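Participant: have a look at this prediction, sequence included:
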Number of protein chains: 2
Amino acid sequence: MGEFDYIDWLRRQTPGDQRVLLGPGDDCAVLAGTAHPWLVTTDMLLEGSHFCLAEAGPKRVGRKAMAVNLSDIAAMAGRPVAAVVSVGLPRGDANQIAEGLYEGLRACADAFETAIVGGDTNTWDGGLVVSVTLLGQPTPPGPVRRAGARPGDWLLVTGPLGASLLGKHLDFTPRVREAILLQQSAHLHAMIDVSDGLAADAHHICEESGCGAVLRAEAIPIHPAAGQMTDGRPPLEHALSDGEDFDWRSLYRPRTASAS
Amino acid sequence: MGEFDYIDWLRRQTPGDQRVLLGPGDDCAVLAGTAHPWLVTTDMLLEGSHFCLAEAGPKRVGRKAMAVNLSDIAAMAGRPVAAVVSVGLPRGDANQIAEGLYEGLRACADAFETAIVGGDTNTWDGGLVVSVTLLGQPTPPGPVRRAGARPGDWLLVTGPLGASLLGKHLDFTPRVREAILLQQSAHLHAMIDVSDGLAADAHHICEESGCGAVLRAEAIPIHPAAGQMTDGRPPLEHALSDGEDFDWRSLYRPRTASAS
């Protein structure tokens, strides 16, 4: 199957979507205009750095490539709309990888009502590379930035942290729905998704917001997998410093206290 | 320079832009909403397939990575607005490559009033990978698709073709301004940028439009470089089949005849 056959195959897989005026197959996709701002994010996964292809298989890699981008939209309480996907496929196994990859991308996109509207497919002598760019739209009252945390805010995570390397980094659920629900029920001051680790990402929020933070060790939820790591470091350390947890943290005051 | 230092450096390089509500540094960029549709395109360049890093140097690679995407926006007569860039940098030389790459990306983006609003920077054991996603907006009366060519249309190219391998594939000028001017002065039925070669790309237009095309050999403008190729194939063959010319073709009838 050549590149053009692959594009034809992709077009047949692509359902209609009223937000998409023109899908895959032309020089550009065309999305309907809207008075709301657009959120734009991109994330690239590289074989050997972000996944082991032989262990994970192409479908899980595709799933992760979509999910890490959905996680970025979630981190601003956005609603995902459309994605484009560019890939570099290792020569030899390109066809089989391309199909598995697309299955994983599509399953994850479908689960979050995201259209795949275009892409670029290449074959090369290197490892598998997948780059997704995701467009989304903010939910009222608007995008939740990293800058905005204030003294007195609560610091929350959506799930237990640590040892994502043992599997969660491939199979995590992007917190799109949780973020929108929280945005509807509380006054969120700041948000980030935990991709560099709780300690590093808390630091990012503090730096952008010009404030500090106190993490109470006994209050940090630790993933059971963190106790299964065999590197001798305590589970709390994994919860603090392991990357790719993708359970985001938010800082907010309850809505009743937000008038201050 | 680590990833976060690089992001800080990028943020200092990024000028304000009224179309960009939030630039690099958060989980997503935020673009102002608009009643017009959005054009979205993505293209990935891979070391060894699309460029030789040792010969081209990182700056020309960055330039090309932006230019191929601008060429796709041009192929629909669009006006580019904003780009995100994800990169995989070879370990070792990552810093020097990252800076040169950005210089090239920025120079080309600036030349076409395109904001770079975000990205993703990674280091790995493989070759250099650059993926750009570009957002643009159509110009009136709307995006020029591949489907739309009709019997009787003229077939035009914006420049001489062939032997782009000798340098043009790195240094070509994306035909953004020419496309917008043509769209203003004629009734364009279909357009494509020549990335797969004149013959293949004419075929794409024909296939999408459900029509045929006649190319008159003596009317095809041949690039002087096509005579310098040493593979024994005649210059016309290079003009017909060499990829990455990026001079797009359009099919149209003069405006006066378009009422038919």
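Facilitator: Received it, and whenever you're ready, just let me know what you need. Numbers count the residues shown, from 1 in each chain, chains lettered A, B, ... in the order given.
Participant: which bits of the stretch 51-200 of chain A sit near chain B?
Facilitator: A:72-73, A:75-76, A:78, A:82, A:84-88, A:117-120, A:122-127, A:129, A:131, A:133, A:135-136, A:138, A:143, A:145-147, A:191-193 (C-beta under 8 Å from any C-beta of the partner chain). Glycine gets a C-beta too; all of them are placed from N, C-alpha and C.
Participant: just these: which are in strands?
Facilitator: Taking DSSP state E, the ones among those that sit in strands are A:78, A:82, A:84-88, A:117-120, A:122-124, A:129, A:131, A:133, A:135-136, A:138, A:191-192.
Participant: buried subset of those?
Facilitator: Buried members of those, counted by 16 or more other C-beta atoms under 10 Å in any protein chain shown: A:78, A:82, A:84-88, A:117-120, A:122-124, A:129, A:131, A:133, A:135-136, A:138, A:191-192.
Participant: do you know the pLDDT at residue A:201?
Facilitator: With respect to pLDDT, residue A:201 scores 94.
Participant: helix, strand or coil for it?
Facilitator: helix (DSSP: H, G, I helix; E, B strand; the rest coil).
Participant: that one: how many residues sit nearby?
Facilitator: Using other C-beta atoms under 10 Å in any protein chain shown, residue A:201 is surrounded by 21 other residues.
Participant: tell me who's in contact with it.
Facilitator: A:192, A:193, A:194, A:195, A:249 (C-beta atoms under 8 Å, 6 or more residues apart in numbering or on different chains).
Participant: so is the strand or helix carrying residue A:236 next to chain B?
Facilitator: For residue A:236, the host element (DSSP states H and E) is helix A:235-241. No: Helix A:235-241 is not in contact with chain B by C-beta under 8 Å from any C-beta; minimum separation 15.1 Å.
Participant: other residues contacting that helix?
Facilitator: So helix A:235-241 is contacted by A:160-163, A:197-200, A:215, A:217, A:220-223, A:226-227, A:229 (C-beta under 8 Å, 6+ apart).
Participant: mind checking how far residue A:47 is from chain B?
Facilitator: Using C-beta to the nearest C-beta, to the nearest Å, we find residue A:47 at a distance of 7 Å from chain B.
Participant: now do the domain split for chain A, please.
Facilitator: Annotated domains of chain A cover A:3-138, A:154-257 [automatic domain parsing].
Participant: between those, which gets nearest to residue B:16?
Facilitator: Among these, the nearest to residue B:16 by C-beta to C-beta is domain A:3-138 (16.0 Å).
Participant: mind listing the helices for the stretch 1-150 of chain A?
Facilitator: A:3-13, A:53-74, A:94-111 (DSSP state H, counting those that start in this stretch).
Participant: what's the angle from the shortest one to helix A:94-111?
Facilitator: Note on geometry: by axes from the mean of the first three to the mean of the last three C-alpha atoms, to 10 degrees, helix A:3-13 and helix A:94-111 are set 30 degrees apart in direction.
Participant: gap between helix A:3-13 and the chain center?
Facilitator: 26 Å (C-alpha atoms, centre = their mean, to the nearest Å).
Participant: other SSEs contacting that helix?
Facilitator: helix A:94-111, strand A:115-124 (3 or more C-beta pairs under 8 Å, 6 or more residues apart in numbering or on different chains; DSSP states H and E).
Participant: ranking these by burial, who's on top?
Facilitator: Of these, the one with the most neighbours on average (mean count of other C-beta atoms under 10 Å in any protein chain shown) is strand A:115-124, at a mean of 23.
Participant: for that one, what is the average pLDDT?
Facilitator: Strand A:115-124 comes out at a mean pLDDT of 95.
Participant: what do you get for stretch A:175-185?
Facilitator: 95.
Participant: buried residues, it. List them.
Facilitator: Buried-residue list, stretch A:175-185, by 16+ other C-beta under 10 Å: A:175, A:176, A:178, A:179, A:182, A:183.
Participant: so which of those belong to strands?
Facilitator: Short answer: the buried residues of stretch A:175-185 have none in strands (DSSP E).
Participant: from those, which ones fall inside helices?
Facilitator: A:176, A:178, A:179, A:182, A:183 (DSSP state H).
Participant: in the stretch 151-260 of chain A, where is pLDDT below threshold?
Facilitator: The stretch 151-260 of chain A contains residues with pLDDT under 70 at A:248-249, A:253-260.
Participant: for it, just list every one of the helices.
Facilitator: A:168-171, A:176-185, A:198-209, A:235-241.
Participant: make JSON lines out of those and add distance to residue A:5.
Facilitator: Below are those laid out as JSON lines (distance: least, C-beta to C-beta, whole Å):
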{"stretch": "helix A:168-171", "distance to residue A:5": "29"}
{"stretch": "helix A:176-185", "distance to residue A:5": "33"}
{"stretch": "helix A:198-209", "distance to residue A:5": "42"}
{"stretch": "helix A:235-241", "distance to residue A:5": "45"}
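Participant: circling back to that earlier point, which of the contacts of residue A:201 lies closest to residue B:61?
Facilitator: residue A:195 (26.7 Å).
Participant: how near is the closest one to residue A:179?
Facilitator: Taking C-beta to C-beta, to the nearest Å as the measure, residue A:195 falls 15 Å from residue A:179.
Participant: all set, thanks.
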